[in-house]
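1. got a predicted structure here, sequence first:
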Amino acid sequence: MSFKQLIISEVSQQPEPLLREVWHYLCFLKSKTSDSPAAATDVRPGYGSAPGIELADDFDAPLEAFAEYRP
């Protein structure tokens, strides 16, 4: 008996609520293995990816709010 026939035989003997859970699990497995758009959007932008944005000249200067913590 093939694995597919074994699964069909076992599933055909189960009650409806359990079949519903099996169906949901199969859908989950299919979505997990399919090429999802979320996996493709995992690319991080590199340097120069925001042209036109200018930083202030004192961007790297210490903040006055933390003056009391500086030596």
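-> Looks like it arrived, so ask away.
2. CA only for contacts and neighbour counts going forward, please
-> OK.
3. below-threshold pLDDT in this protein: ranges please.
-> Low-confidence segments of the chain, defined by pLDDT under 70: 35-42.
4. now do the strands in it.
-> In the chain, no strands are defined using DSSP state E.
5. may I have the top helix by length along it as CSV, with CA atoms only?
-> Criterion DSSP state H: the longest helix present in the chain is helix 16-33. Extracted in CSV, the C-alpha atoms of helix 16-33 (Å, rounded to 0.1, in the frame of the first residue of the first chain):
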residue,chain,number,x,y,z
GLU,A,16,-15.9,15.5,10.3
PRO,A,17,-14.4,17.8,13.0
LEU,A,18,-11.0,16.0,12.7
LEU,A,19,-11.2,16.2,8.9
ARG,A,20,-11.7,20.0,9.2
GLU,A,21,-8.5,20.2,11.3
VAL,A,22,-6.6,18.1,8.8
TRP,A,23,-7.8,20.4,6.0
HIS,A,24,-6.6,23.5,7.9
TYR,A,25,-3.2,21.9,8.5
LEU,A,26,-2.8,21.0,4.9
CYS,A,27,-3.6,24.6,3.9
PHE,A,28,-1.0,25.8,6.4
LEU,A,29,1.6,23.4,5.0
LYS,A,30,0.9,24.5,1.4
SER,A,31,1.2,28.2,2.4
LYS,A,32,4.4,27.6,4.3
THR,A,33,6.1,25.9,1.3
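6. tell me the residue furthest from the middle of this protein?
-> Residue farthest from the centre of the chain, counting by Cα atoms, centre = their mean, is Pro71 at 43.3 Å.
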